[in-house]
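Student: The sequence isn't on hand, but the structure is:
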């Protein structure tokens, strides 16, 4: 195992414990003011499709974030996985629709929902740094997805969504790790661009 992979593995354990404690003590998980700053910094009016996620374990809750995206009349989509693919695909979410457990038991929209390509992505993080690098669960799904979208010349923004307490001095990174444009926390918006 190379040194960076080992560093990431150890850091995942440490940051997962820290996130668990943060979640237990958290009173606020969505900051409307910080979200509004993001809206002003990107051309939000021209964005039609927004990719988000359903929070699992002790991740910061996406419940208010997702409701707000819908309230702003954007088409909300959640990631799905397909057999033999390391990329994510995004399916439209319909209000009051039941999600089904997908790979890793993560809730996904039904297979019959329309597949879309978002222009704005909210991305889960175990940790992040102010250089725009995030630590995920190690599957590389988001990195591979964003790399593919870049190859297709698709213009999009990436926003890490995490607790402020998940900020780390420097996330170990590999050449394929994708740099985020912003990180939105319950306290503030970090602009990386």
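Tutor: All right, it came through fine. Please read these numbers as outputs of a predicted model, since none were measured by experiment. Numbers count the residues shown, from 1 in each chain.
Student: Count the neighbours of residue 84 for me.
Tutor: By the criterion of other C-beta atoms under 10 Å, residue 84 has 5 neighbours. Every residue, glycine included, has its C-beta placed from N, CA and C.
Student: Can you point out the buried residues in the lengthiest helix in the chain?
Tutor: As assigned by DSSP state H, the longest helix anywhere in the chain is helix 3-25. Buried residues in helix 3-25, counting neighbours by 16 or more other C-beta atoms under 10 Å, are found at 8, 11, 12, 15, 16, 18, 19, 22, 23.
Student: Check stretch 145-164 too.
Tutor: 145, 146, 149, 156, 157, 158, 159, 160, 161, 162, 163, 164.
Student: now do stretch 60-71
Tutor: 60, 61, 62, 65, 66, 69.
Student: you'd agree the fifth one is in a strand?
Tutor: This means residue 66. No. Counting by DSSP: H, G, I helix; E, B strand; the rest coil, residue 66 is not part of a strand but helix.
Student: For it, which residues are in contact?
Tutor: Applying C-beta atoms under 8 Å, 6 or more residues apart in numbering to residue 66 gives the contacts 52, 54, 76, 93.
Student: now for those residues, which pair is the farthest apart?
Tutor: 54 and 76 (10.8 Å; C-beta to C-beta).
Student: between those two, which one's more packed in?
Tutor: residue 76 (24 against 18).
Student: which secondary structure element contains that one?
Tutor: Assigned by DSSP states H and E, residue 76 falls within strand 75-81.
Student: rewinding a little: need the buried residues of helix 3-25 in CSV with distance to residue 124 and pLDDT, can you?
Tutor: Compiled in CSV, the buried residues of helix 3-25 are given as follows (distance: C-beta to C-beta, whole Å; pLDDT from 0 to 100):
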residue, distance to residue 124, pLDDT
8, 15, 92
11, 16, 92
12, 13, 94
15, 12, 93
16, 12, 93
18, 15, 94
19, 10, 96
22, 14, 95
23, 13, 95
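Student: Nearest to residue 118 among these?
Tutor: Within the buried residues of helix 3-25, the smallest distance to residue 118 is 24.7 Å, found for residue 19 (C-beta to C-beta).
Student: For the closest residue to residue 42 other than its chain neighbours, give me the pLDDT.
Tutor: By the measure of C-beta to C-beta, 6 or more residues apart in numbering, the closest residue to residue 42 outside its immediate chain neighbours is residue 157, 5.3 Å from it. What the model reports as pLDDT for residue 157 is 98.
Student: Is it correct that residue 157 is in contact with residue 119?
Tutor: Yes. If you go by C-beta atoms under 8 Å, residue 157 and residue 119 touch, sitting 7.1 Å apart.
Student: All set now, cheers.
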